[in-house]
Structure formats: C-alpha cells, structure tokens
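In: no FASTA, just this:
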C-alpha cells in the first residue's frame, strides 16, 4: 500500500486547487480527509487527471472532523458494456488511477489549511 498527501491552503475566497506532482498508476483504496482549519461548509472534489478527468469523490459540507472514504465504481457486464451488474449495492471495484490526483475545495473559508491523503495499491 502506498500513499500520497496533498496539502490544501484555501484562498481569501475559500477556494483551492491542488494537483499532485506525481502521476499514479494503480487502484484507489481509500481517501482520508483531514480538514484542519478548513471551514465546516467546505465541499471537496477529488479527481484523477490523465487522458481525461476521472471523478473519484465529491463531498459537500465535509465538516471539521477527520474522515475516511472508500470510493468504488459500479461494474459493467461482459456481454454488454452498458449494462451495470450492481445498481443497488452489488458489484463494485476499486477505481483505477492513471494520472495525477487533483483536489478542488470550495467554500473552505479564508486561509484554511488541511490535507487529503490518497491510499492506493500499485
């Protein structure tokens, strides 16, 4: 298991965009949000930016407590790629990371400092 820490500092308007400096190729295991002094009403969005933008997690009104998330993707059927095999809690798989992780924060209050930790397997 490996991890990457993205440090966040919000602007006077409460926003921040942080791009990891390392490209990752692997499977996402978990995301840990440590808000520090980021405001309770903050929304954070985590994506992987590579050949496109892959959404990993969106959390509105994230709060001020440290929290863990385990994002998973729905699995598609082999016979018909458009058919989902688990629509209500069924089949899920770890999202593939192929690029740089990006964290975008809005409504985080002026000068808030926190981190997002990405745990992944390569």
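Out: In hand now; what should we look at? What you see is a predicted model, and the numbers here were worked out from it, not measured in a lab.
In: Going by C-alpha atoms from here, please, whenever you check contacts or count neighbours.
Out: Noted.
In: Can you pull out the low-pLDDT segments for the protein?
Out: For the chain, the stretches with pLDDT under 70 are 80-82, 84-90.
In: swap the cut-off to 80 and go again
Out: 75-91 (pLDDT under 80).
In: In this structure residue 39 contacts residue 112, no?
Out: Yes. Contact criterion Cα atoms under 8 Å: residue 39 and residue 112 qualify, at 6.8 Å.
In: ok, which stretches of this protein are helices?
Out: Taking DSSP state H as the criterion, the chain contains no helices.
In: Nearest residue to the middle of it?
Out: By Cα atoms, centre = their mean, the chain has its centre lying nearest to residue 46, at 3.0 Å.
In: Around the residue lying closest to that one once chain neighbours are set aside, how many other residues sit close by?
Out: Of all residues not flanking residue 46 in the chain, residue 103 sits nearest, at 4.6 Å (Cα to Cα, 6 or more residues apart in numbering). Around residue 103 there are 22 other residues, counting by other Cα atoms under 10 Å.
In: I'd guessed residue 103 sits against residue 19; true?
Out: Yes. If you go by Cα under 8 Å, residue 103 and residue 19 touch, sitting 6.6 Å apart.
In: tell me, what's touching these two both at once?
Out: Common contacts of residue 103 and residue 19 (Cα atoms under 8 Å, 6 or more residues apart in numbering): residue 6.
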